[in-house]
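J.: Structure, please.
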Amino acid sequence: MKIHEGLDHFPKVKNPVVSSGTFDGVHLGHQKILRRLKILAEKVGGETVLITYWPHPRLVLYPKEHQLRLLSTFEEKAKLLRKFGIDHLLTIPFTKEFSQLTSEAFVKKVLVEKIKTHTLVIGYDHRFGKNREGSFEYLKSNISAFPFDLEEISREDIDNVGISSTKIRKALETGDVATANEYLGREYELNGLVIKGQQIGRSIGFPTANIYIPNDYKLVPSDGVYAVHVGLGEERYGGMLNIGNRPTVDGTKKTVEVHLFNFDDDLYDKQITVYLKEFLRPEKKFGNLEALKNQLVKDRQEAMDIVKTTDFRS
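T.: Modelled structure (predicted):
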């Protein structure tokens with residue numbers, strides 16, 4: 001997959017089969033669109049082009065009102081799209097100036113003049129242009145004026161419940177990892193750098209890797225303890241994750257810490273990926289470290305049982 005930053009350097013593509021959207025999370029609904037792009041491109045001897053926007057439009061238009069947290073960073077999204085065999089990922093910088101482009105101007109300048117779209121595929125709820133005025137209905141009613149074919153992926157084609165990034169965010173914000181993973185078609189992931197913590201876990205036999213997640217817009221799920229898979233390069237481990245303020249030791253800020261099973265090595269300054277498998281329990285304040293340790297023993301056994309008996313999906 002080739003990544004193109006901005007329209008100025010986008011190359012000539014043979015029979016471009018195009019879709020557009022933020023594709024946050026690349027969930028099952030998005031995946032239907034991606035598969036359809038591939039099928040249509042093969043039919044017309046063309047190449048797939050996915051247009052996305054960075055930063056996310058709501059981060060630009062409503063930075064204070066929404067405090068939006070995203071399911072995927074740009075790097076995570078690109079990695080997922082590459083797995084689906086997309087040929088070209090075109091990222092358009094989303095600015096307030098770009099947001100004033102009308103739907104008609106977007107079609108003319110971007111889809112027709114710049115990309116020379118052969119076929120456009122869009123999801124049932126996709127909107128574009130100034131004030132989100134553009135839609136499938138707009139395109140369909142004006143299709144005779146556009147030099148490309150048009151196809152919609154209907155809501156029924158995606159899922160009866162209408163999978164959306166918003167629903168997945170809400171599930172994660174309540175610790176409902178099972179629903180989020182079902183809609184994503186894989187385990188929700190957190191990527192970050194292992195940094196030095198207070199090493200309290202090590203003192204009670206549960207050493208943890210303290211994870212620094214550099215993108216503050218990345219959605220960190222609800223506080224609590226989770227069964228997880230952990231990726232270190234090509235290696236995979238089972239583990240349990242704690243998200244929260246560590247009230248038993250009077251923590252003052254939220255941390256993301258993971259304990260790896262059957263692992264005893266230095267992780268500092270290494271990149272790590274945590275795949276959330278299942279929510280175990282809410283974070284709780286215990287009377288002392290011994291009581292916390294006793295609970296962690298139970299948590300570890302439960303998490304080990306979960307990761308041993310379920311498949312890893314990424």
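
J.: can you tell me how far the closest residue to residue 99 other than its chain neighbours sits from residue 135?
T.: Computed as C-beta to C-beta, 6 or more residues apart in numbering, the closest residue to residue 99 that is not its neighbour in sequence is residue 61, at 6.2 Å. (C-beta placed from N, C-alpha, C; glycine too.) Here residue 61 is placed at a distance of 18 Å from residue 135 (C-beta to C-beta, to the nearest Å).

J.: how far away is the residue nearest to residue 99 from residue 126?
T.: 17 Å.

J.: Compare the two (neighbour count), which wins?
T.: Neighbour tally, residue 61 and residue 126, criterion other C-beta atoms under 10 Å: the higher count belongs to residue 126, 19 against 12.

J.: for the stretch 51-200 of the chain, what spans make up the strands?
T.: 88-93, 119-123, 149-153, 188-195 (DSSP state E, counting those that start in this stretch).

J.: who wins for proximity to residue 211 among the ones you listed?
T.: strand 188-195 (4.1 Å; C-beta to C-beta).

J.: which other residues reach the closest one?
T.: Strand 188-195 is contacted from outside by 71, 73, 75-76, 168, 172, 177, 180-181, 209-214, 218, 220-221, 256, 267-276, 314, using C-beta atoms under 8 Å, 6 or more residues apart in numbering.

J.: 7 Å instead?
T.: Here strand 188-195 makes contact (C-beta atoms under 7 Å, 6 or more residues apart in numbering) with 76, 172, 177, 180-181, 209-214, 220, 256, 267-276.

J.: what's the model's confidence in the longest helix along the chain, averaged?
T.: Counting by DSSP state H, the longest helix found in the chain is helix 289-309. Computed over helix 289-309, the mean pLDDT rounds to 93.

J.: Tell me the helices and strands packed up against it.
T.: Packing partners of helix 289-309 (3 or more C-beta pairs under 7 Å, 6 or more residues apart in numbering; DSSP states H and E): strand 224-232, strand 235-244, strand 271-281.
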